[in-house]
Every structure is written in C-alpha cells, then in structure tokens.
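This is a predicted model, with the sequence first.
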Amino acid sequence: MTGRSIVLTGPSGVGKGTLLKALLARRPELYLSVSATTRSPREGEIDGVHYYFYSRDRFEAEIAAGALLEWAEFAGNYYGTPIAPVQAQLDLGRSVILEIELAGARQVAQIFPTALRIFILPPDLQTLEMRIRDRGTDSPEAILRRLEQAKVEIAARDEFDHQIVNDDFQTALEELDSLVTSA
Ligand SMILES: Nc1nc2c(ncn2[C@@H]2O[C@H](COP(=O)(O)OP(=O)(O)O)[C@@H](O)[C@H]2O)c(=O)[nH]1
Ligand SMILES: Nc1ncnc2c1ncn2[C@@H]1O[C@H](COP(=O)(O)OP(=O)(O)O)[C@@H](O)[C@H]1O
C-alpha cells in the first residue's frame, strides 16, 4: 500500500512550520519532507534537519540530474523537494507532508493528482506582517518580499481542497490534525 501525499501551503509567517512541529509531535507516523534551499540558514537551523542548504551551483546540478520532485524560486532563492526520500516513504506506506510554496504545490498537483492539498490562511494581512516581524528571522528586505508574495499566494487559496485559518493556534492544529488523519 502506498502512502498519501499531503501538501501544506500558505504565506510566509502564517504558522506552517509551527503547526507542523506540533502535528508531528502528536503523529510521529507522518513523514515531513526535508527540502533543499539556497537560502542561508537561520539561527538554530540545522543542515539536513530543517533544510538541506545548497549552493546555487549544487541546486542547479540537482535540477539537471532530475533529483527534485518539484522546485521553485521564492524571494530570491531556490527551494525544492528531493524526490528519493519522498518516494521511499510513500512506498513504505507512510503519508508524506510537503510544506511548499504555491508554484511547487501546483507542480505536485500534476505529479500526484490525489494529493491532499491544504492552504493555511492568516486572520488578516496585518497579523501576518506582525508574525513575520516578531519571528525576528528575516531582514527588512526579505520581509517585504515575503509580504508581496503573500498576496499572490492568498489569491490562489481556492485552488486548494481545504483552507484553515490560523487564528487560534490550538483550533487550527485540531483542524489540521483531523484533515490529515482522515486522509
Ligand atoms: N516549492 C517549494 N517551496 C518550498 C520548499 N521548501 C520550502 N518552501 C517554501 O518556501 C517558502 C519560504 O520558506 P522559508 O525561507 O523557510 O521561509 P518561511 O516560510 O518564512 O519560514 C515557504 O513558502 C515554504 O513553504 C520546497 O521544497 N519547494
Ligand atoms: N496561531 C498563532 N497565533 C500567534 N502566533 C502564531 C500562531 N501560529 C504561529 N505563530 C507565530 O508566528 C510566527 C511565524 O510562524 P512560522 O511557523 O515560522 O510560519 P511559517 O512556517 O508559515 O513561515 C512564529 O513566531 C510563530 O510562533
């Protein structure tokens, strides 16, 4: 039996990472794909755990080798999903979660038409901006690029099977848990 692929998308700073960390703590049977990126590591981020941190040359070589399931450019950096671990986990019957931006989510819809696609929304744009700023991980320029991109992503929310508003954290977590576990 093959596992289910689950795509989680939503604007930067909406709380995807925080929700997934809490979900994985409850549901260790789920596999969270570790992406590759050319962005610099943030404080506390570990290579191979939070991301695989690649140079642009290395990333482009991985694209050329067909080693990425999907990839996209976001706010000036490459991001992509290494295909081998995802395929291995699906073959073991494990459900795999991809936390990826909109262009990648569209590619995955073509590759895995039965993927469960979930979009996380902020209560409003002001709250989103506050969350990105308060997180304290991004330069002012990076924050601006993320906020611009957020509007584009939110406009595409209807392409997804389900939408969750991450206002109250526990409520959003319960909604995500029930969607993922009933998948
Ligand atoms: N297409 C694609 N997007 C990714 C991948 N990994 C992460 N992303 C997305 O890239 C965007 C930027 O991620 P990141 O730099 O970690 O910033 P953050 O979302 O503000 O924490 C987010 O929308 C992520 O969901 C991937 O493998 N492929
Ligand atoms: N429901 C929520 N209410 C208030 N703050 C939240 C909520 N969910 C997440 N946050 C905070 O918002 C910031 C961005 O969350 P993060 O998980 O890094 O977002 P993303 O992975 O979508 O970029 C973090 O500081 C996080 O603690």
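Looks like it came in fine. Ligands and ions are numbered 1, 2, ... in the order given.

which phi and psi does residue 36 have?
Main-chain dihedrals, residue 36, degrees, to the nearest 10: phi -100, psi 150.

Okay, and the beta partners of it?
Beta bridges link residue 36 to residue 52, residue 80 when assigned by DSSP bridges.

surely it meets residue 70?
No. Using CB atoms under 8 Å, residue 36 makes no contact with residue 70, being 11.1 Å away. For every residue, glycine as well, the C-beta is placed using N, CA and C.

neighbour-wise, which of these two wins?
It is residue 70, of residue 36 and residue 70, that has more neighbours when counted by other CB atoms under 10 Å, with 24 against 20.

Would you agree the more buried one falls within a helix?
No. Checked against DSSP: H, G, I helix; E, B strand; the rest coil, residue 70 lies outside a helix; its state is strand.

OK, contacts around the closest residue to it other than its chain neighbours?
Spatial nearest neighbour of residue 70, excluding adjacent residues (CB to CB, 6 or more residues apart in numbering): residue 107 at 3.8 Å. Shown in contact with residue 107 (CB atoms under 8 Å, 6 or more residues apart in numbering): 69-70, 72.

Tell me the pLDDT of residue 107.
Predicted confidence (pLDDT) for residue 107: 97.

On the three-state scheme, it is what?
helix.

Do I have it right that residue 23 meets residue 173?
Yes. Counting by CB under 8 Å, residue 23 touches residue 173, with 6.6 Å between them.

The chain against ligand 1: which residues are in contact?
Contact residues, the chain versus ligand 1 (CB under 6 Å from any ligand atom): 12-13, 17, 35, 39, 70, 72, 74, 79-81, 99-101, 103-104, 146.

Filter those down to the buried ones, ChimeraX style.
To isolate the buried members of the residues of the chain next to ligand 1 in ChimeraX, using 16 or more other CB atoms under 10 Å:
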select :12,13,35,39,70,72,74,79,80,81,99,100,101,103,104,146
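
State whether residue 177 is indeed within a helix.
Yes. Counting by three-state DSSP, one finds residue 177 located in a helix.

how near is it to residue 121?
Counting by CB to CB, to the nearest Å, the gap from residue 177 to residue 121 is 17 Å.
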